[in-house]
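J.: how does the following fold in three dimensions:
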Amino acid sequence: MALDKSIHHGKEHRKQYRKSAAFDTSCRPHGGCPWCERNRKFNDMKKRTAADEQVRDYRGDMEER
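T.: All right, here's what the predicted structure looks like:
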């Protein structure tokens, strides 16, 4: 009720959500929608895949011996 009243009287200064955040509640800052999650965690995923490849290479070298 109080928020509606402040909007009516022009006291609310928060910006409206834009783009997909306007219609998808999971697509908010630090949200869980797959698109935003991939964008936010891109560097982490790259480092994890590189580390996994190093482990696979190490294990492959150990099996050859």
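
J.: show me the helices in this structure, by range?
T.: Along the chain, counting by DSSP state H, helices occupy 2-8, 34-40, 42-64.

J.: of all those, which lies closest to R18?
T.: The closest of the helices of the chain to R18 is helix 34-40. By CB to CB, the value is 13.3 Å. C-beta: built from backbone N, CA, C; applies to glycine.

J.: pull the residues that contact the closest one.
T.: Helix 34-40 is contacted by residues S20, C27, H30, G31, M45 when judged by CB atoms under 8 Å, 6 or more residues apart in numbering.

J.: that helix: how far from the chain's middle?
T.: 4 Å (CA atoms, centre = their mean, to the nearest Å).

J.: related to what we said a few turns ago, ranking the helices of the chain by burial, who's on top?
T.: Of those, the one with the most neighbours on average (mean count of other CB atoms under 10 Å) is helix 34-40, at a mean of 12.

J.: quick one: low-confidence residue ranges for the protein.
T.: For the chain, residues meeting the criterion pLDDT under 70 lie at 1-2, 22, 64-65.

J.: that older thread, in TSV, list the helices of the chain along with distance to K15.
T.: Formatted as TSV, these follow (distance: least, CB to CB, whole Å):
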stretch	distance to K15
helix 2-8	13
helix 34-40	18
helix 42-64	26
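
J.: what's near enough to touch S26?
T.: S26 touches G32, C33, counting by CB under 8 Å, 6+ apart.

J.: from P34, how far out is it?
T.: S26 sits at a distance of 9 Å from P34 (criterion: CB to CB, to the nearest Å).

J.: with F23 instead?
T.: In terms of CB to CB, F23 sits 16 Å off from P34.

J.: circling back to that earlier point, most neighbours of all the contacts of helix 34-40, which one?
T.: Within these, neighbour counts (other CB atoms under 10 Å) peak at C27, which reaches 18 neighbours.

J.: these two touch, right, that one and R18?
T.: No. Between C27 and R18 there is no contact under CB atoms under 8 Å: 10.7 Å.
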